[in-house]
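**Q** have a look; sequence and predicted model below, questions after that.
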There are 2 protein chains.
Amino acid sequence: MNLAILGMGTVGCGVMEVLSMNREKITGLIGEEITVSHVFVSNVDKERGVDLGEAIVTDDIDSLLNSDEIDAVIEVMGGMETTRDVLRKFLEKGIHVISANKDMLAKYIDELALVAENNGASLLYEASIAGGIPIVNAIEHGLNANRIHKVMGILNGTTNYILSKMTKDGWDYARALDEAKEKGYAEADPTNDVDGIDAKRKIVLLSRLAYGLKVDIDEVPVAGIRDVSLKDIENAMTAGFKLKLVGKSEFDGAGMSIEVAPVLLPDDHQLSSVEYEKNAVYVMGNAVGETMFYGPGAGGPETASAVVSDLINCMRNRGVAQRSARPEQSAHIKVSNVESGYYIRFGSDQESVSEYLAEKNVDYRLIDATDDTTVITGPIGQEQLERLKNDAQHGIRALYQVEGN
Amino acid sequence: MNLAILGMGTVGCGVMEVLSMNREKITGLIGEEITVSHVFVSNVDKERGVDLGEAIVTDDIDSLLNSDEIDAVIEVMGGMETTRDVLRKFLEKGIHVISANKDMLAKYIDELALVAENNGASLLYEASIAGGIPIVNAIEHGLNANRIHKVMGILNGTTNYILSKMTKDGWDYARALDEAKEKGYAEADPTNDVDGIDAKRKIVLLSRLAYGLKVDIDEVPVAGIRDVSLKDIENAMTAGFKLKLVGKSEFDGAGMSIEVAPVLLPDDHQLSSVEYEKNAVYVMGNAVGETMFYGPGAGGPETASAVVSDLINCMRNRGVAQRSARPEQSAHIKVSNVESGYYIRFGSDQESVSEYLAEKNVDYRLIDATDDTTVITGPIGQEQLERLKNDAQHGIRALYQVEGN
């Protein structure tokens, strides 16, 4: 069984490590030995600190595409259109592809899945949602007796680390971000993480999988955590909530609501105990009810756990289609019509906010009135929310949805 | 695709309900319609409030065993040797068996798995460990790139409900047990739950699966929660811990430690946020690190979610072996040789306990000295622990292991 690995960064090295340390078990499960026959990298001279064995290390992708020896390809190199084009060519040859590339997949998975299907190849992507957490497997196999109506996840370790530091240690955003960079949880340019773009890619892949519908990533609203203030985190805590960056979607059989935003989770919600760089995915099925899957969202061997499990499952069942039907329909994406509570911090005094909310017929409880006036509303609908947002007289300084339990 | 269901209690009715409400999805996944052709019950006249369609309802098991129409059997009727013998006969005919019967499986799974293997049938048991949580699937497929070295779970909803009520509401054991009975979480005779017997069956099945070793249930030490006092729960809380009934095992490549006992979990341990009747399984793999799987441990449609997913996975892959190799080796069960902290409540005053622990060279922190003297020790080994236990001079009134983080 010959394997090609495209990319030899953190995850690529993790894959080599896992294949080596668990060789005996993996060979037993597949029934034959796996050999890494080819490694594609952009710089063949770079020292990687990992033993590549007898693999041909090359920067010439065509030599891999023209090889007849490769049974499966692991893609952990990143990139968008160029990578898609390369993977398409492997799939066209009937070669199984395992990819951890959420950026590319969130946009092109439907296109590649069709090529895979037409050529009898598998396209597997466990590692692209929530790293080492086996959530694709859980939804496709463990929970497949259910129709799923809600998924919700802490899908980005960088932002969860920052918010945990702010919540638990009272650090401000800038200090927590610096620490995240120092620890290697955030990149020099943290845009993709802190603006919610990474979480958006994952909730897109997750929702496609959960509901069996194509999801256009450009239709998904996203808010990040750049503007989250310590004050709001502290107010939330006082009221019994934690502020977390959550990707979530719901499907009612007709339309799908989907978004990424900071939300207030009640302290006793399962997701609110997920701290620091950890990830978790909360899934609601119509038979099982509430479930949650917790684990590492990133890291070399951690992510490689998902990649190599995909490899095992695909090679153990050569020729047998392992995955759900490829979605044919596109999701109708809409704003949620479920009423919800909201956390709102107004820039005016308690008395005038109180009068104003009474006049608008909004139930609320007061959280803080030391400086600004902060309330948590009772359940209100989307229309009422829009009216509050558009009416600028009390200067809304922060507004977050409150997740029910 | 003809299905026989043995038993039509809570889970049996749940299976009917799930098959009906998700019929379209299930048919799509399997590629053909499932018909419940036979239902075996001890009392055919009992009103069950569920539509059995055109199924033959019978109390004659031989009529099912002699039928040539059955493709798979779901066993949700309970029972020990008689049930094993019936399932063996189905397996001998090459008929797939899905069982939720943890009592029987914890004792006879190896025997039945051998019969299944010899006859090309599947023996599936997702529902027998932690109800609706897809933990068998997670370990066999989602995490199969890992060697697993530790599993730990809140595997019994009744005891977790009782301990949650004691912890959160300050109720005593008797009152919490009464409430559990009233809510249907505890049976009239709660022995199997409160003495840890049910949790023991599940940790046996879980450990067998995680390490690929046969586990003799009679070798597994078990302590229940009958003697847990509110005082210990409160002391634990003060010190930053929750007292939970946990089934756990560790495997170091040579020996396996395994037990069921109440333990102190640090507040920030993922398992300590699992409250009331919910279950969760914590799994540590050598690539992925820490993972946790949370969900319902019981209930009709909840458990049926696991049963029907097994059914789908088995019928989708007819003829393809879906499960890990059947364990051939038996586990060498031993006492853990990992040092651990312990919570100890002594029946004597602070000064004498303090002198005594100094003399024995045991590090500790004092938790409470109002009446008894309660400490949490630093890491101590098994030998030192035995010495403390056997030395009766200070009357140990409670002793629980403290789980590291």
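**A** Thanks, I have the structure now.

**Q** which residue ranges of the stretch 301-405 of chain A form helices?
**A** A:350-359, A:382-390 (DSSP state H, counting those that start in this stretch).

**Q** which parts of stretch A:38-45 are buried?
**A** Neighbour-count burial for stretch A:38-45 flags A:38, A:39, A:40, A:41 (criterion: 16 or more other CB atoms under 10 Å in any protein chain shown). C-beta coordinates here come from the backbone N, C-alpha and C atoms, glycine included.

**Q** phi first, then psi, for residue A:97.
**A** The phi/psi pair for residue A:97 (degrees, to the nearest 10) reads phi -120, psi 130.

**Q** next one: the one 4 residues further on
**A** Residue A:101 has phi and psi values of phi -90, psi 80 when expressed as degrees, to the nearest 10.

**Q** just put the helices of the stretch 301-405 of chain A in CSV and tack on mean pLDDT.
**A** Shown next, in CSV, are the helices of the stretch 301-405 of chain A (pLDDT from 0 to 100):
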stretch, mean pLDDT
helix A:350-359, 94
helix A:382-390, 90
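
**Q** looking at those helices, which is nearest to chain B?
**A** Smallest distance to chain B across these (CB to the nearest CB): 28.8 Å, for helix A:382-390.

**Q** how near is the residue of chain A most remote from its centre to residue B:253?
**A** In chain A, residue A:351 marks the outermost C-alpha relative to the chain mean, sitting 41.8 Å out by CA atoms, centre = their mean. Distance of residue A:351 to residue B:253, computed by CB to CB, to the nearest Å: 69 Å.

**Q** chain B contacts on the stretch 251-400 of chain A?
**A** A:268, A:270, A:273, A:275, A:285-296, A:299, A:301-302, A:304-309, A:311-313, A:317, A:320, A:324-325 (CB under 8 Å from any CB of the partner chain).

**Q** which residues of the stretch 201-350 of chain A score low on pLDDT?
**A** Scanning the stretch 201-350 of chain A for pLDDT under 70 picks out the ranges A:318-325.

**Q** dump the residue contacts of residue A:21.
**A** Contacts here follow CB atoms under 8 Å, 6 or more residues apart in numbering or on different chains; on that basis residue A:21 touches B:147, B:286, B:287.

**Q** and if we set it to 7 Å?
**A** residue B:286 (CB atoms under 7 Å, 6 or more residues apart in numbering or on different chains).

**Q** now do the helices in chain A.
**A** For chain A, the helices defined by DSSP state H cover A:10-21, A:23-30, A:61-65, A:81-92, A:102-118, A:135-137, A:157-169, A:173-182, A:191-194, A:197-211, A:230-238, A:300-316, A:350-359, A:382-390.

**Q** among those, which is nearest residue A:261?
**A** Residue A:261 sits nearest to helix A:197-211 of all the helices of chain A, at 9.4 Å, using CB to CB.

**Q** packing partners of the closest one?
**A** helix A:102-118, strand A:148-154, strand A:241-251, strand A:255-266 (3 or more CB pairs under 7 Å, 6 or more residues apart in numbering or on different chains; DSSP states H and E).

**Q** now find how far off-centre the last one is within its chain.
**A** Okay, so that is strand A:255-266. Distance of strand A:255-266 from the chain centroid (CA atoms, centre = their mean, to the nearest Å) equals 13 Å.

**Q** residue A:277 reaches residue A:185, doesn't it?
**A** Yes. Under the criterion of CB atoms under 7 Å, residue A:277 makes contact with residue A:185 at 5.3 Å.

**Q** between those two, what contacts are shared?
**A** Common neighbours of residue A:277 and residue A:185 (CB under 7 Å, 6+ apart) are A:157, A:161.

**Q** sorry, back to before: in a markdown table, list the helices and strands packed on helix A:197-211 along with distance to residue B:33 and mean neighbour count.
**A** A markdown table is the format used below for the helices and strands packed on helix A:197-211 (distance: least, CB to CB, whole Å; neighbours: other CB atoms under 10 Å in any protein chain shown):
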| stretch | distance to residue B:33 | mean neighbour count |
| --- | --- | --- |
| helix A:102-118 | 24 | 19 |
| strand A:148-154 | 22 | 23 |
| strand A:241-251 | 25 | 25 |
| strand A:255-266 | 28 | 22 |
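
**Q** what residue, apart from its backbone neighbours, is nearest the most centrally placed residue in chain A spatially?
**A** Nearest to the mean C-alpha position of chain A, by CA atoms, centre = their mean, lies residue A:202 at 3.1 Å. Closest residue to residue A:202 apart from its sequence neighbours, by CB to CB, 6 or more residues apart in numbering or on different chains: residue A:155 at 4.1 Å.

**Q** check contacts around the one you found.
**A** A:130, A:199, A:202, A:203, A:247, A:279, A:297.

**Q** grab the nearest non-local neighbour of the fifth one.
**A** The one in question is residue A:247. residue A:203 (3.2 Å).

**Q** could you do the first one as well?
**A** Computed as CB to CB, 6+ apart, the closest residue to residue A:130 that is not its neighbour in sequence is residue A:279, at 4.5 Å.

**Q** for the stretch 1-150 of chain A, what lies in contact range of chain B?
**A** A:18, A:21-22, A:25-26, A:28-29, A:132-134, A:137-138, A:141-147 (CB under 7 Å from any CB of the partner chain).

**Q** now the buried members of those.
**A** If we count by 16+ other CB under 10 Å, the residues of the stretch 1-150 of chain A next to chain B have these buried: A:18, A:21-22, A:25-26, A:29, A:132-134, A:137-138, A:141-147.

**Q** distance check, the residue nearest to residue A:130 against residue A:296.
**A** Where residue A:296 is concerned, residue A:279 sits at a distance of 7 Å (CB to CB).

**Q** what residues are shared contacts of the two?
**A** residue A:131.

**Q** show the contacting residues for the residue nearest to residue A:141 when sequence neighbours are not counted.
**A** Nearest non-adjacent residue to residue A:141, counting by CB to CB, 6+ apart: residue B:137, 5.2 Å away. For residue B:137, the contact set (CB under 7 Å, 6+ apart) comprises A:137, A:141, A:142, B:126.
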